[in-house]
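A.B. asks: pasting the structure only:
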């Protein structure tokens, strides 16, 4: 993808971010065709938005998510720092037009994972993690129907991340078998989805290791304080204005989110 095309795609997406607009698709002349193209657009998009990233998300870590987006493998996306909230937040429905929620683990790094030629192992990545939080990702792409555009377009749009809601840090999380941890999602007290950590590449830490090595390919590292969303246990659950959303994690606690009218 030529630099001017990547810049044009980033400007279009940044304008949609600022205005709350929803696109039908990307114009053919600036549409990313590969995931490598998507990551170039992401980098320029963050610069256009001019808000520091707060971390990363990993998309399509489960078979269910890959089926929806017709993806063969996971992908990486940046999380904007001003879109990271604490549990109990009330988000305006007007700011999130294409709405979905996913239950995820969020890992906060205490040590850097800089880009390097040698691959990272799971134990090395786990040692760099300082805290684990139960989390809700709010999926809110800049496309009106994001399942109808190409996967590279979705990835270029920061992987369709809208916001991240963090529960309290979990004490002694290293003693837990994260693959066995269950989550139950409710909307207005009604269960709408269930899953376990094993759906995320066998174990959520595996997903974080995957991210470190994928970023290595582009000469990009992760910094202390970065929050890493490891991927959803279940498919995205739609929600509406006025809904009360809760993710209940076995042994980890819960995360709550209210949506304004």
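C.D. replies: Arrived safely, thanks for sending. On a predicted model such as this, the values are computed, not experimentally measured, just so you know.
A.B. asks: residue 68 reaches residue 235, doesn't it?
C.D. replies: Yes. Residue 68 is in contact with residue 235 according to CB atoms under 8 Å; the separation is 6.2 Å. Yep, even glycine has a C-beta here, placed from its N, CA and C like the rest.
A.B. asks: the helices in the stretch 51-200 of the chain, which residues?
C.D. replies: 63-69, 122-128, 151-156 (DSSP state H, counting those that start in this stretch).
A.B. asks: nearest to residue 243 among the ones you listed would be which one?
C.D. replies: Closest of the helices of the stretch 51-200 of the chain to residue 243 is helix 63-69, at 21.1 Å (criterion: CB to CB).
A.B. asks: show me what counts as buried in that closest one.
C.D. replies: Neighbour counts over helix 63-69 (16 or more other CB atoms under 10 Å) mark 64-66, 69 as buried.
A.B. asks: stretch 99-116 too?
C.D. replies: By neighbour count on 16+ other CB under 10 Å, the buried set for stretch 99-116 is 99-109, 113.
A.B. asks: with stretch 196-203 instead?
C.D. replies: 196-201, 203.
A.B. asks: repeat that for stretch 67-80.
C.D. replies: Result for stretch 67-80 [16+ other CB under 10 Å]: buried residues 69, 71, 74-80.
A.B. asks: max pairwise distance over those residues: which two?
C.D. replies: 71 and 80 (22.2 Å).
A.B. asks: hang on, the earlier thing: closest one of the buried residues of helix 63-69 to residue 185?
C.D. replies: Closest approach to residue 185 among those (CB to CB): residue 64, at 13.2 Å.
A.B. asks: next, count neighbours for residue 238.
C.D. replies: Other residues near residue 238 number 12, with proximity taken as other CB atoms under 10 Å.
A.B. asks: equivalent analysis for residue 16, please.
C.D. replies: Residues near residue 16, counting by other CB under 10 Å: 16.
A.B. asks: about what we covered before: now, which of the buried residues of stretch 196-203 lie within strands?
C.D. replies: residue 196 (DSSP state E).
A.B. asks: closest one of the buried residues of stretch 196-203 to residue 92?
C.D. replies: Nearest to residue 92 among the buried residues of stretch 196-203: residue 200, at 29.5 Å, using CB to CB.
A.B. asks: closest to residue 49 out of the buried residues of stretch 196-203?
C.D. replies: residue 200 (27.6 Å).
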